[in-house]
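> Sequence first, then the predicted structure, then my questions.
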Amino acid sequence: MMAVWDRIGLITLFLACCTHSLRYTTYNVVPITNYGNSSVLPLFDFNNLTLSVDEENTVLVSRHFTAGDVAVSLVSTCSNTSSPTPANSPINSRIWVYNIFTGLELNSSATCQCQVTDMADTLTLQLSYPVLTSQGALEWPETHSFKPVGSFVQYSIHLGNNAPDLTFYLTPAPNAPTDSVANHATTPTHSHNAHFPPDNGAITDETHTHRPSRPVQRTSATWTRTFDSLINYNVADNWTLTSEDFQANALAISLQGLLNREGSKMYLTYPEDWSYTYTGHVRAYIETKHNLTFQNCSTLACLLEATPHNGRYVLYDPNNRASLVVALTAAGLHGAVVATASQEQLLQQHGYTLAEDLSTRYTNQTNLAVFTDARSRYFSACNSTILVWLGGACSPDIRPGIADYGVMQGAFFVDLSTDPNHTNPDGDPTQEYALSQSLVEELAERSAKAKDFFYLQGWHSYCKDEEHTFTTLASQHGGVVHGLNTNPNLSFMNKLPVTDGFKFKNHFSPTVTLNRSKVYVTLVQTDGLGLGAWTGPARGTFPYAWEVTLPDLWIQPSLLEMFYAEATPNDFFVAALGGPGYMYINAVPETLRARLLQRAQQAMKELDLEHMVTFDASRAQGEHTVTGNTNLDPDACQAYFTHMPNTSFWLNGYGATFTATQAPGTNQTVLSFDYYLDPGRTVAQAVGDLTALATVNAKRPYFLPVHVREFASADKVAEIAKALPEYFAIVPVDVFQRLVVQAPTFRQRFG
């Protein structure tokens, strides 16, 4: 056997292991990327592999993968070629790391079998383990081979089941340790996560002294002349706090909120690469539909000349992000705009006077100190149902697209961590979460007195916390999220009425005969209409569902009118996301669920919607929710069935998720997305992923709901649809739901 190993060169490559005394040693190897036909896994990185062979030729292989802060280790002991049975190893993770975007999951209560089948020309291992699918479970065979290629070892994984084979190239790790096998066969740790970048510049927290002040009372703007014309201001594509262009943007956004208190007076056209890509499209639509004419301005001087004079302003420090956030609160209460000292002269030339100077108040203070002070001065006078979270991009940038609506409504603005475990860069815990929780609790109490629920508008900070911590905080107190911080022109659209006689009408499809040999696919665009590909040329060429953010019915129904009016017969609308706004039903206290779900049902009736997308990441931890537990509890599903009786279908998840159930005696169904189309997947890769899912879910018909990431173009989706085999059928969501009811081939499951 020693001669065989020498012949294939493996011992040389694995740190020249060629003596009997070293056969117990474990060797680390690392993948070489961008070499030959080296494979790339969706989301996960293949970090390293440890391999050891004992004197009985039993092989232990341990592979280590990471996705952000999630780590997965797959450890297998493989019996030798002469053993009558494979060796069994526990499965320590539910994550199928080869393709996290597919609805495949390891059975972590089972074991993986492995046996060495060849040690001649290659080292070959045969693995088998159970995989859970939408329709049940199957045993998944896998062949792993190690073969010398030049100065590397080619590591190949033959997956079968129409899944693409994987190839990696390995080389000994620098200073590779030679510990015993036992030290490497450890139980892995992995966490669940969300979609955005880690902390790269959050404001630190430290000991501070609070300066109490008399609370500010809300006042109105003090314009001295009437304002009858409509203004369109072209926003500069610069979002750095210290830049003059950004400071003009910030002033314009606050001015927009004030002017639009009296009606739709001022519109902002954002750059084409803005998160909401449609601002130019919407302006053109409302100019025609509502017979409006705008005066265009691209400079602050033009804007101030065209709008009422003798207003007020609040000064902020352009080097201090939190100073601007508080200034927006003060501006809403004072009926003022936000400005820097460099803009004072121009404002004064147009009759503006100083309302409040915050330019030095928060120098060298932490976020905790700043917003504690702001709370004592402003919070009691602010809107009782809205809290604006001005997070998003990290300092020195800020993108306050939603600030116009917050100023118009006199809302309290904040930028605090919603992570209970938030620490500053030194690793010390902060009290930001406690303040966040206290603010939300008080808002919940105030809105409850008004017999209403509350909104957290805007978005969390990408530098401090996660989408799921932000949304969980709202949900735990019976509120909903209405994002994002970049959401533009809400104050304008809020005051623009729906045209007389308009009714929201969805494009329901006629009955389709069930074909029991088909794989039925339905496509749903993620994250609402605004972030998607609505204006792309492929829209309308194939059946596609668009998520309607329910709060827009109350906040900006005229925008929804545009989408409904422009929809083709292939455009179908579904409600989002989880309730009367973005919420996690698992986290909502049972006593508050009925009110929220009944409000969602009411909105859906008015919008002619019968289907909803829901998502729950309240149990997630870390960076990526796609790797976490996003299943719905049985009582959460029952709450949907009970309190939303006119809703027939819920599609659950963001990435692939594993909840599926039907209400006894009714056609109400919850079925999770079985595939997530990431923008990075090529047409060929996506087609391969979908055909692999069709292979392992062999019972027909197979129902395959697909969630399309909002940044994936509809053009690419159209190409994927054309390239699918003929046994696939793409159908609208309503057709899909009716077919599911006729032949529910999925397995009931709650995670």
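Noted; the coordinates are in hand.

> who are the neighbours in contact with Glu56?
Shown in contact with Glu56 (Cβ atoms under 8 Å, 6 or more residues apart in numbering): Asn80. Just so you know, the C-beta spots here come from the backbone N, C-alpha and C atoms, and that holds for glycine as well.

> That one: what secondary structure?
What DSSP: H, G, I helix; E, B strand; the rest coil gives for Glu56 is coil.

> Just the helices from the stretch 301-450 of the chain, written as ranges.
Along the stretch 301-450 of the chain, counting by DSSP state H, counting those that start in this stretch, helices occupy 321-334, 344-349, 367-378, 403-409, 432-449.

> quick one, which of these is nearest to Leu693?
Among these, the nearest to Leu693 by Cβ to Cβ is helix 432-449 (39.5 Å).

> before we move on, back to that, among the helices of the stretch 301-450 of the chain, which is nearest Pro543?
Taking Cβ to Cβ, helix 403-409 is the member of these nearest to Pro543, at 33.6 Å.

> just for the protein, where's the confidence low?
1-28, 174-218, 220-228, 426-429, 528, 530-532, 711-712 (pLDDT under 70).

> so where's the longest strand in it?
With secondary structure taken from DSSP state E, the chain has its longest strand at strand 136-149.

> Just the residues contacting that strand, thanks.
Applying Cβ under 8 Å, 6+ apart, the set of residues contacting strand 136-149 from outside is 8-10, 13, 36, 51, 61, 107, 117-118, 121-131, 153-161, 169-170, 696, 747.

> How many residues are close by Ser229?
For Ser229, the neighbour count with other Cβ atoms under 10 Å is 12.

> do you know how far the nearest residue to it once chain neighbours are set aside is from Ile286?
Nearest-residue entry for Ser229: Gln295, 5.4 Å, with adjacent residues in sequence omitted and distances by Cβ to Cβ, 6 or more residues apart in numbering. Taking Cβ to Cβ, to the nearest Å as the measure, Gln295 falls 15 Å from Ile286.

> Mind checking which of these two has more residues around it?
Ile286 (23 against 13).

> ok, now how distant is that one from Ser134?
Taken as Cβ to Cβ, the span from Ile286 to Ser134 is 43 Å.

> Ok, Leu125 next?
For Leu125, the distance to Ser134 equals 29 Å [Cβ to Cβ].

> More neighbours: the two, which one.
For Leu125 versus Ser134, the count of surrounding residues by other Cβ under 10 Å is larger for Ser134: 25 against 21.

> The more buried one and Thr102 touch, don't they?
No - in this structure, Ser134 is not within contact of Thr102 by Cβ atoms under 8 Å, at 10.1 Å.

> Overlap in contacts, those two.
Common contacts of Ser134 and Thr102 (Cβ under 8 Å, 6+ apart): 674, 693.

> wait, what's in contact with Leu651?
Leu651 neighbours (Cβ under 8 Å, 6+ apart): 524, 574, 611-614, 671-673, 705, 707, 733.

> at 7 Å what do you get?
524, 613, 671, 673, 705 (Cβ atoms under 7 Å, 6 or more residues apart in numbering).

> Sketch out the helices for the stretch 101-250 of the chain, chain order is fine.
According to DSSP H, counting those that start in this stretch, the helices that the stretch 101-250 of the chain contains are 244-259.

> Mind jotting down where the strands sit in it?
Assigned by DSSP state E, counting those that start in this stretch, the strands in the stretch 101-250 of the chain fall at 105-106, 111-119, 123-133, 136-149, 152-158, 166-172, 230-234.

> Surely Phe563 is in contact with Arg539?
No - contact criterion Cβ atoms under 7 Å: Phe563 and Arg539 do not qualify, at 10.8 Å.

> Spell out which residues are contacts of both of those two.
Here Phe563 and Arg539 have no joint contacts, going by Cβ under 7 Å, 6+ apart.

> Distance check, the closest residue to Tyr155 other than its chain neighbours against Phe152.
Leaving out its chain neighbours, the residue that sits closest to Tyr155 by Cβ to Cβ, 6+ apart is Phe168, at 4.6 Å. In this view, Phe168 and Phe152 are 9 Å apart by Cβ to Cβ.

> which one of the two has more residues nearby?
Phe168 (25 against 20).

> Tell me who's in contact with the more buried one.
Counted by Cβ under 7 Å, 6+ apart, Phe168 has contacts 31, 38-39, 46, 155.

> and these, which of them are in strands?
31, 46, 155.

> if I look at the first one, how far off is Ile91?
When you say that, I think you mean Pro31. 22 Å.

> cool, the second one as well?
Here the criterion is Cβ to Cβ. By it, Phe46 lies 18 Å from Ile91.

> Name the residue in those two with the higher neighbour count.
Shown here are Phe46 and Ile91; by other Cβ under 10 Å, Phe46 has more neighbours (22 against 18).

> I figured that one hits Pro31, correct?
Yes - counting by Cβ under 7 Å, Phe46 touches Pro31, with 5.0 Å between them.

> Give me the nearest residue to Gly280, chain neighbours excluded.
That would be Thr269: by Cβ to Cβ, 6+ apart, it lies 5.6 Å from Gly280.

> Run a quick neighbour tally on the one you found.
20.

> Enumerate every residue touching it.
Counting by Cβ under 7 Å, 6+ apart, Thr269 has contacts 232, 234-235, 279-280, 283.

> Can you pick out the most distant pair from those?
Pairwise over the contacts of Thr269, using Cβ to Cβ, the maximum falls at Val235 and Arg283, 12.0 Å.

> Val370 is in contact with Ala322, isn't it?
Yes - contact criterion Cβ under 7 Å: Val370 and Ala322 qualify, at 4.3 Å.

> quick one on the thing from earlier: I'd like the strands of the stretch 101-250 of the chain laid out as CSV, including distance to Asp245.
As requested, the strands of the stretch 101-250 of the chain are exported to CSV (distance: least, Cβ to Cβ, whole Å):
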stretch, distance to Asp245
strand 105-106, 48
strand 111-119, 57
strand 123-133, 52
strand 136-149, 53
strand 152-158, 50
strand 166-172, 47
strand 230-234, 11
